[in-house]
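1. Test case, fold it:
(one chain, ligands or ions: 1)
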Amino acid sequence: NEDRMLEIRVIPYGDKQRLLIARDITRIKQLEEMRRDFVANVSHELKTPLTVLQGYVEVMQMTAEPDTMLAKQYGAMEQQSQRMKNLVDRLLVLSRIESATDIDFEQQVDMPAVMERIEKEGLELARESHQLEFRIDTNLTVYGDEMQLHSACANLVQNALRYTDSGKVTVSWALEAGRPVFRVADEGEGIPAEHIARLTERFYRVDSARSRDTGGSGLGLAIVKHALSHHNSVLQVESTVGKGSCFSFELPPTLHVVRNKLA
Ligand code: ADP
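-> The predicted model follows:
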């Protein structure tokens, strides 16, 4: 039957034999798709009423006497509705990336330009106690999806800044042993080893209060994971509590183009 999906695994069995395990995953895939569609629809439906509410809150804020109790309450309402809007936006990005099927690997992504954008966005987020340093190979571009690669890199840089109170955040994009590698190293709080394997799960946070205070949604690394998996890559995390973390990924060597060597 053409509509069914099978997952086939080949496992070594003894010296010369192989064990073939076939599992019908049609239903699992259908349910997964239904969940994704549901989240995308709910997020989309929430967007309009939220925008209307935000508009009213803005008007109310303008009419309130400054420094009054009422002004404070409107301020809190505005802050919370902004948080909700960020969450809805992130959910929409996640479902768009999750449900993206084939990437057009004919498209070249100007990664140095993407890095320039991320640096600008990073500088807006950085505080005085941060030193943000970008080391970019300006000739290194790749084939892939620009929106997804931008999302992956931008999320990692935002996290490095958000989870570092003070210190250096170093971002690099360069060829290493023939592979394009993106790396963000911070001198922040670090992550206890037992949390590392679960970081890319939706809404998984090491410290929920800290994530909330810094404007987190708990979806950033899930977005990174899906964007990278579409590019046949995985997120690598190294971290030492109290010293800092390093998040990186490498793209397959077949994806890169060194710009000045192009015909
Ligand atoms: P959030 O929006 O909560 O930051 P993410 O999915 O981006 O969600 O990250 C998941 C969790 O991983 C965060 O809540 C935080 O606990 C941890 N984390 C991510 N990046 C860093 C980092 N650079 N340093 C320390 N902890 C981090």
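
2. Check which helices and strands the longest strand along the chain sits against.
-> Counting residues, the longest strand found in the chain (DSSP state E) is strand 167-176. Judged by 3 or more CB pairs under 8 Å, 6 or more residues apart in numbering; DSSP states H and E, strand 167-176 is in contact with helix 111-125, strand 130-136, strand 140-143, helix 146-162, strand 179-186. Where C-beta positions appear, they are placed from N, C-alpha and C, glycine not excepted.

3. what about the residue in the stretch 1-150 of the chain that the ligand sits nearest to, is that helix, strand or coil?
-> Here the residue of the stretch 1-150 of the chain nearest the ligand is residue 90; by CB to the nearest ligand atom that distance is 7.9 Å. The three-state assignment at residue 90 reads helix, by DSSP: H, G, I helix; E, B strand; the rest coil.

4. Now that it has come up, it's in contact with residue 222, right?
-> No - Residue 90 lies out of contact with residue 222 (CB atoms under 8 Å); the separation is 9.1 Å.

5. hmm, back to that, for the residue of the stretch 1-150 of the chain closest to the ligand, what are its contacts?
-> Taking CB atoms under 8 Å, 6 or more residues apart in numbering, we find residue 90 in contact with 217, 219, 220, 223.

6. Then residue 121?
-> Here residue 121 is in contact with 154, 157, 158 (criterion: CB under 8 Å, 6+ apart).

7. And for residue 51?
-> Per CB under 8 Å, 6+ apart, neighbours of residue 51: residue 85.

8. Within range of the ligand, give me the residues from this protein.
-> 155, 159-160, 163, 186, 188-189, 191, 199, 204-207, 211, 216-222, 245 (CB under 6 Å from any ligand atom).

9. about what we covered before: with residue 62 as the reference, name the closest of the helices and strands packed on strand 167-176.
-> Residue 62 lies closest, by CB to CB, to one member of the helices and strands packed on strand 167-176: helix 111-125, at 24.7 Å.

10. hmm, back to that, counting neighbours, which bits of the longest strand of the chain end up buried?
-> 169, 170, 171, 172, 173 (16 or more other CB atoms under 10 Å).

11. would you list those in CSV and tack on pLDDT?
-> Listed next are these as CSV, based on pLDDT from 0 to 100:
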residue, pLDDT
169, 98
170, 98
171, 98
172, 98
173, 98
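
12. on that earlier part again, neighbour-wise, which of the contacts of residue 121 leads?
-> residue 157 (24 neighbours; other CB atoms under 10 Å).

13. Would you agree that residue is in contact with residue 117?
-> No - if you go by CB under 8 Å, residue 157 and residue 117 don't touch, sitting 10.6 Å apart.

14. Find the nearest non-adjacent residue to residue 191, please.
-> Once flanking residues are discounted, residue 191 sits nearest to residue 239: 4.3 Å by CB to CB, 6 or more residues apart in numbering.

15. So in that sheet, which strands flank the longest strand of the chain, and in what orientation?
-> strand 130-136 (parallel), strand 179-186 (antiparallel) (DSSP bridges).

16. any idea of the angle that strand forms with helix 111-125?
-> 170 degrees (axes from the mean of the first three to the mean of the last three CA atoms, to 10 degrees).

17. List of residues touching strand 167-176?
-> Residues contacting strand 167-176 (CB under 8 Å, 6+ apart): 111-112, 115, 118-119, 122, 126, 129-137, 140, 153, 157, 160-161, 180-188, 244, 250, 256, 258.
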